[in-house]
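Dropping the sequence and predicted coords here.
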Amino acid sequence: MEKAGTMISRRQKFAACRKARGLNQEQLAEKVGVDRSTVQRWEKGDHGPQPWQRPKIAKALGVTAKELDALLDPDGHTPQRSANEWLAISTPSTDDEFETLELARRVVASDVGSETLSRLEGAFDELAANYPTSPPRDLLERVRKHSAYVTKLMDARMTLGEQRRLFVVGGWFQLLGATLHIDLNQEHAATARLRTAATLAQHAEHSEIQAWCYETDAWRVLTDGEYGRALSLAQVAQRLAPSGSSVAIQATAQEGRARARLGEAKGTYAAIEQVQRMSTALVSQKDTQHHFQYDPSKSLAYKATTLAWIGDPAAEIFAREVISRLSPSEDIRKWPRRVASANIDLALALLRGDRLDEACNSAQRAILSGRVVPSNHWRALEVVKAVETRKLPEAPDLREAYQGLKTPESGG
């Protein structure tokens, strides 16, 4: 009887609110973007709205989120489930994930809860680990959904500790989103996300995220040819970075790349040596494929790029080692993007050594792999122009392959 009473109360109060706003079921359905039958199920009480539908319903009815909760769950009934029943998720790219997050949120006393925060943190780590091999557009869509869910939780009741954790995980999602926008040459969106990530990190007093914001921006302006500014941003990142952290190493590597583009050989080699010392002492805390966790293969990749830019023949050795370690097969479509980048480094080194056929072959393999993201197109273009300047017979084919990069990006 208690259950039946709850359902009757829900039907009456929710439907009464709709009618009081002068809306019939079809009109409410249109405002929310669902079928009339869906509204009918809500009012019968046998099916509740999904989390992402609730803000639209509240807006249509002119009520707050808490008032809507009272209409949909008037008796304060919350399913009593043990948090242990909910298993860790692998972040599927469907909306089912967000339904489970909402359910996990409701089984604890807090409006947010440790379970929800832990699952969001795990989802971020999984997305960051997928960064090297996932198409940026696909990954960005998943980051958008998680960021939207974090935003939804911002107005919820929570403890100070939960609020800090929410700010931190929200900052990480914004930072990863900014990185993906940079990969896609979406400058304004990248800037907005970096600013939001920095704001969240500041409120949470999270120096690591703040440092990553500066390091990421250093890479962004470096790809735009602002080498002096990239150097300054990398140095700020190093000052903010926790001692011995991944971001401290990455920012030092970014300094080395900026100095290489500026032609400062002494500073470039000093940065390379410092990165080597720091990466040797680093204790890995996450999956080494995690974008925000430095690992030895990253050290090799950055060294190959930096040496190629400074004109050091040793770039060939390191580029070949990166390719050997990371290339899973001869199928270039399966390469992680660092292999494509290493092939561009190798092409630059081979051109300087007048090994022209090998250089053209390496460059073409990188370009055709589909793993050169838009933010790195300029690096491929450097090789194309160098080949064209030498009037090599491979120049037309290489230029044609490069033009193919201008089509909508489909690879990671």
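Yep, it's here.

need the contact list for the one residue sitting closest to the centre of the chain.
Geometric centre of the chain, nearest residue: Leu176, 2.8 Å, by C-alpha atoms, centre = their mean. Counting by C-beta atoms under 8 Å, 6 or more residues apart in numbering, Leu176 touches 124, 127-128, 131, 139, 143, 291-292. C-beta here means a position set from N, CA and C on the backbone, and glycine is covered the same way.

Reduced to three states, what does Phe167 come out as?
helix (DSSP: H, G, I helix; E, B strand; the rest coil).

Once you drop chain neighbours, what's closest to it?
Leaving aside its chain neighbours, Phe167 sits nearest to Ala204 (4.0 Å; criterion: C-beta to C-beta, 6 or more residues apart in numbering).

So the one you found is in contact with Gly161, correct?
No: with contact defined as C-beta atoms under 8 Å, Ala204 does not reach Gly161; the gap is 10.9 Å.

who has more neighbours, those two?
When neighbours are counted by other C-beta atoms under 10 Å, Ala204 and Gly161 differ, and Ala204 comes out ahead with 19 against 10.

Against Leu348, how distant is Ala359?
Using C-beta to C-beta, to the nearest Å, Ala359 is found at 8 Å from Leu348.

shared neighbours of these two, which are they?
Val383.

Would you quantify the distance from Ala234 to Cys17?
55 Å.

Those two - which one has more neighbours?
Each of Ala234 and Cys17 has its neighbours counted (other C-beta under 10 Å); Ala234 has more, 27 against 19.

List the buried residues for the helix or strand that one falls within?
For Ala234, the host element (DSSP states H and E) is helix 227-240. By neighbour count on 16 or more other C-beta atoms under 10 Å, the buried set for helix 227-240 is 227, 229-231, 233-238, 240.

Name the spans of the protein whose pLDDT lies under the cut-off.
Scanning the chain for pLDDT under 70 picks out 1-11, 46-47, 51-52, 73-96, 102-110, 283-288, 296-297, 327-336, 406-412.

Now do the helices in the stretch 251-400 of the chain.
265-281, 296-310, 315-326, 337-352, 356-368, 377-389, 395-403 (DSSP state H, counting those that start in this stretch).

which of these sits most buried?
helix 337-352 (a mean of 26; mean count of other C-beta atoms under 10 Å).

how distant is that helix from the center of its chain?
Between the centre of helix 337-352 and the centre of its host chain there is 25 Å, according to C-alpha atoms, centre = their mean, to the nearest Å.

Does anything pack onto that helix? Which helices or strands?
helix 296-310, helix 315-326, helix 356-368, helix 377-389 (3 or more C-beta pairs under 8 Å, 6 or more residues apart in numbering; DSSP states H and E).

Determine the angle, from 0 to 180 degrees, between it and helix 395-403.
160 degrees (axes from the mean of the first three to the mean of the last three C-alpha atoms, to 10 degrees).

which SS class is Ser243?
Reduced to three states by three-state DSSP, Ser243 is coil.

related to what we said a few turns ago, and of the helices and strands packed on helix 337-352, who's closest to Trp172?
helix 296-310 (18.4 Å; C-beta to C-beta).

Now the closest residue in space to His146 that isn't next to it in sequence: which helix or strand?
Leaving aside its sequence neighbours, His146 sits nearest to Phe173 (C-beta to C-beta, 6+ apart; 5.3 Å). Taking DSSP H and E as the criterion, Phe173 maps to helix 160-183.

Give the buried residues for that helix.
Those would be 162-183, for helix 160-183 by 16+ other C-beta under 10 Å.

just the buried residues of helix 227-240 now: which is nearest Val373?
Out of the buried residues of helix 227-240, the member with the shortest distance to Val373 (by C-beta to C-beta) is Ala230, at 17.9 Å.

re the thing from before, present the helices of the stretch 251-400 of the chain as a markdown table; the columns should include distance to Glu255.
Output for the helices of the stretch 251-400 of the chain, formatted as a markdown table (distance: least, C-beta to C-beta, whole Å):
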| stretch | distance to Glu255 |
| --- | --- |
| helix 265-281 | 5 |
| helix 296-310 | 10 |
| helix 315-326 | 18 |
| helix 337-352 | 18 |
| helix 356-368 | 25 |
| helix 377-389 | 19 |
| helix 395-403 | 29 |
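
rewinding a little: list just the nearest of the buried residues of helix 227-240 to Asn376.
Ala230 (15.0 Å).

measure that closest one to Ala301 for me?
Counting by C-beta to C-beta, the gap from Ala230 to Ala301 is 18 Å.

now do Gln289
Gln289 is 13 Å from Ala301, by C-beta to C-beta.

Over to Glu215?
16 Å.

what's the answer for Ala265, then?
20 Å.

And Arg54, by the same measure?
44 Å.

swap in Asn185?
21 Å.

got it, and Ser134?
With C-beta to C-beta as the criterion, Ser134 and Ala301 are 18 Å apart.

And Gln27, by the same measure?
57 Å.

can you give me the helices in the stretch 51-200 of the chain?
So, for the stretch 51-200 of the chain - with DSSP H, counting those that start in this stretch - the helices run 54-61, 65-72, 96-106, 114-130, 136-153, 160-183, 187-204.

Packed most tightly, which of those would that be?
With a mean of 23, the top stretch among the helices of the stretch 51-200 of the chain by mean neighbour count (mean count of other C-beta under 10 Å) is helix 160-183.

The helix holding Phe173 to helix 114-130, inter-axis angle?
20 degrees.

In contact with Thr306: list those residues for me.
253, 256-257, 260, 268, 271-272.

need those residues in TSV with distance to Arg379, can you?
As requested, those are exported to TSV (distance: C-beta to C-beta, whole Å):
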residue	distance to Arg379
Ala253	16
Gly256	16
Arg257	11
Ala260	13
Thr268	17
Ala271	19
Ile272	19
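
which one among the residues you listed gets closest to Ile367?
Among the contacts of Thr306, and counting by C-beta to C-beta, the member closest to Ile367 is Arg257, at 21.1 Å.
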